[in-house]
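>>> What follows is a predicted structure for the sequence shown.
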Amino acid sequence: MQQQRDSGLMKAVRAIDAISTVSGHIVAWLVLPLIAIMSYELTVRYMLNPTLWAYDLSYMLYGAMFMLGTAYTLRRGAHIRTDFLYQNWPVKVQAGIDAACYLLLFFPGIAIVFWISSDFAWRSYVQDERSVGSAWMPIIWPLKWCIPVGSALLLLQGVAEFLKCVQAFRTGKWAEGHKSLEEIISEEIAEEIKK
Amino acid sequence: MSPEAIGGWMLVALLVTIFIGFPIAFTLIILGLVFGYWGFGDTVFNLLIYQVFASMKDQTLAQVPLFVFMGLLLERAGLMERLFRAVELALARLNGSLYLSSMFVAVLFGAASGIVGASVTLLGIMAAKAMDKSKYDVQMSAGIIAAGGTLGILIPPSVMLVVMGPVVGVPVTDLYAGAIIPGVVLATIYAGYALIRSYINPKLGPALAEEYHADSKMEIFWEFLKGMVPISVLLFASLGTIMAGLATPTEGAALGALGSLVLVIVYRKLSWALLYNATMKTLEVSTMILFLVAASNFFGGVFSRLGTPEVMTQALLSLDLPKFVILVIIMAVIFLLAWPLEWVPIVLIFVPIILPLVKQLGFDILWFSILVAVNLQTAWLSPPVALSAYFLKGVAPQWSLGDIYKGMMQFMVLQVVGLILVMLFPQIALWLPRLLYPN
């Protein structure tokens, strides 16, 4: 029975992880159009005339990228934390504290962000709001919608992270290693050059 | 309770929760909401959405993913190895030459990549074996690699300076111009120290074994040229166009990213796996920084609306300490904070808290920002929490962690010397920006 419940719990975790991973895989590619648009704008500004749209598109791509990418970053465990005390604690203490922090700090805070930003984005959408600071006057509500969508994905991933804490608290070990991003990059480079 | 006191409690709550080890961005959001609601009610929700959306619209911050992407691609292009071998050949007969070539490559690639873990690892892979073969001193070898790898967060174009710009209200071009000479000064101090010590005691860094000598002067020249040209072109395309005012910072960053993509193609290193990996890592690195930017902008907004920074500033001013003493205290606090914390929370949370005080005292904000940037070099050099030591241990397992720490400590002292120099002679930071941008 215990076994079955655990596997059900981990199934949910894996499903949520997969959603965040897919969202990350889509959003990550926004960096390529960002490069293309800015390079194009720089070139045509010297040869012809500046475009009307490059500036607006650049902050939209950038803003969408980090707001929609935070769930993926949470799934990868890359949000900055101060772990010089944390890393020395036993797994059960780590998991217990993390779980409490998710309940007390994460869910209420991000839920409020979701709630407020939904209203903000919805009002902008209904008014078909445009960016007034630019000659192109693009619609601005798609960028505003990135906040509720990004925070909804983040909340969902938070559920998975909370369940991982529960699992770790029960079993006394983390399902996957806790490594910082710099550590992962360092290891990958070392491995690649050894080849 | 007065709003100012509520802000004080908010700060205390932040300090406690930061050290529990929960991701800082989430903590900032909930603390801002709770204490903001307590202090000034419903307005806090407007402030939340306003600050988050303003962070998303800050176009100069789009440099962050662009420069991260550029750095991640360049690390894999094999450019750094080529240049290192060339400098190694050129200097083979000099005592301590590997120290100098490591530092030279570190400065150039510090400009190209801001990811300390990657720089330290690459330098370690390239230099450690050659240093061991030539019987170099382990402590100094480890120290110079760690110190050189860390320079990347200071030498422009640097992600740290991009993030610091909006926080201190200084254009990022001024910060770039201001950081170049201090970065070179630090590198010179590091390399000079290692060279002088190897000159006095050749055992620390003997001349290289015969197998590392070049066959002819022509060979050296060609190798050097082949190493220098691509990186110089790339640096001109990104940093050069930005500083000359030909491109906006974001455009220059995009050109740099495009240029590194071209280099990877020219060197026949482009593969699906490489592009995929660089893209996904770019998202992770940029999001972890930028989400924290948004969260701390909100936190900072609540904090200053509560009026606490003003009260703190007045309280500190009423102590009537000499200006310079206050500056030294601020620098000492940052130095200590950089032990457990990364540069990101220090720049985003601590700097805005003390900024009103620094302004009241009449210090030049550009100079102050560069001092903070130089100071934050320690964040990666302070054992035993500095990850650089572990990166180095990973690629040079024959070096003991104790030796690596001792080496890093020596260079931490040198870094403090560099900081003191910039404090005593503000021109080191201010001369170039004043020259380039007189207004």
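Perfect, I can see it now.

>>> Centre-most residue in chain A?
The geometric centre of chain A, computed from its C-alpha atoms, lies nearest to residue A:70 (C-alpha atoms, centre = their mean), at 1.3 Å.

>>> before we move on, what SS does the residue lying closest to that residue once chain neighbours are set aside have?
Nearest residue to residue A:70, sequence neighbours excluded (C-beta to C-beta, 6 or more residues apart in numbering or on different chains): residue B:291, at 4.8 Å. In this view, the C-beta of every residue, glycine as well, is placed from N, C-alpha and C. Under DSSP: H, G, I helix; E, B strand; the rest coil, residue B:291 falls in the helix class.

>>> How about the contacts made by the nearest residue to residue B:247 once chain neighbours are set aside?
Of all residues not flanking residue B:247 in the chain, residue B:241 sits nearest, at 4.0 Å (C-beta to C-beta, 6+ apart). For residue B:241, the contacting residues are A:42, B:247, B:251-252, B:255, by C-beta atoms under 8 Å, 6 or more residues apart in numbering or on different chains.

>>> Quickly note the distance from the residue nearest to residue A:70 to residue B:155.
Distance of residue B:291 to residue B:155, computed by C-beta to C-beta, to the nearest Å: 25 Å.

>>> And for residue B:364?
Distance, residue B:364 to residue B:155, using C-beta to C-beta: 21 Å.

>>> Which of the three states applies to the closest residue to chain A within the stretch 301-439 of chain B?
Nearest residue of the stretch 301-439 of chain B to chain A: residue B:391, at 4.4 Å (C-beta to the nearest C-beta). Using three-state DSSP, the secondary structure recorded for residue B:391 is helix.

>>> burial of it, as a residue count?
Residue B:391 is flanked by 31 other residues according to other C-beta atoms under 10 Å in any protein chain shown.

>>> close enough to count as contact, it and residue B:124?
Yes: contact status for residue B:391 versus residue B:124: in contact at 6.8 Å, counting by C-beta atoms under 8 Å.

>>> and residue B:267, what does it touch?
Residues near residue B:267 by C-beta under 8 Å, 6+ apart: B:77-79.

>>> Convert the C-alpha atoms of the lowest-mean-pLDDT helix or strand in chain A to PDB, please.
Between all helices and strands in chain A, the lowest mean by mean pLDDT, DSSP states H and E belongs to helix A:181-194, at a mean of 75. Below are the C-alpha coordinates for helix A:181-194, written out as PDB (Å, rounded to 0.1, in the frame of the first residue of the first chain):
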ATOM      1  CA  LEU A 181      24.000  25.400 -12.200                       C
ATOM      2  CA  GLU A 182      27.700  26.500 -12.100                       C
ATOM      3  CA  GLU A 183      28.600  23.000 -10.900                       C
ATOM      4  CA  ILE A 184      26.700  21.400 -13.700                       C
ATOM      5  CA  ILE A 185      28.300  23.600 -16.400                       C
ATOM      6  CA  SER A 186      31.700  23.000 -14.900                       C
ATOM      7  CA  GLU A 187      31.200  19.200 -14.900                       C
ATOM      8  CA  GLU A 188      30.000  19.200 -18.500                       C
ATOM      9  CA  ILE A 189      32.900  21.100 -19.800                       C
ATOM     10  CA  ALA A 190      35.300  18.800 -17.900                       C
ATOM     11  CA  GLU A 191      33.600  15.800 -19.300                       C
ATOM     12  CA  GLU A 192      33.500  17.100 -22.900                       C
ATOM     13  CA  ILE A 193      37.200  17.900 -23.000                       C
ATOM     14  CA  LYS A 194      38.200  14.500 -21.600                       C
END
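
>>> Need the pLDDT of the residue minimising distance to the centre of chain B.
In chain B, the centroid-proximal residue (C-alpha atoms, centre = their mean) is residue B:153; its distance is 1.5 Å. Looking at residue B:153, its pLDDT stands at 86.

>>> gap between the closest residue to it other than its chain neighbours and chain A?
The shortest distance from residue B:153 to any non-neighbouring residue, by C-beta to C-beta, 6+ apart, is to residue B:160 (4.7 Å). As judged by C-beta to the nearest C-beta, to the nearest Å, residue B:160 and chain A stand 13 Å apart.

>>> Now list the buried members of the contacts of residue B:267.
B:77, B:79 (16 or more other C-beta atoms under 10 Å in any protein chain shown).

>>> and residue A:176, how many neighbours?
Other residues near residue A:176 come to 9 when the count uses other C-beta under 10 Å.
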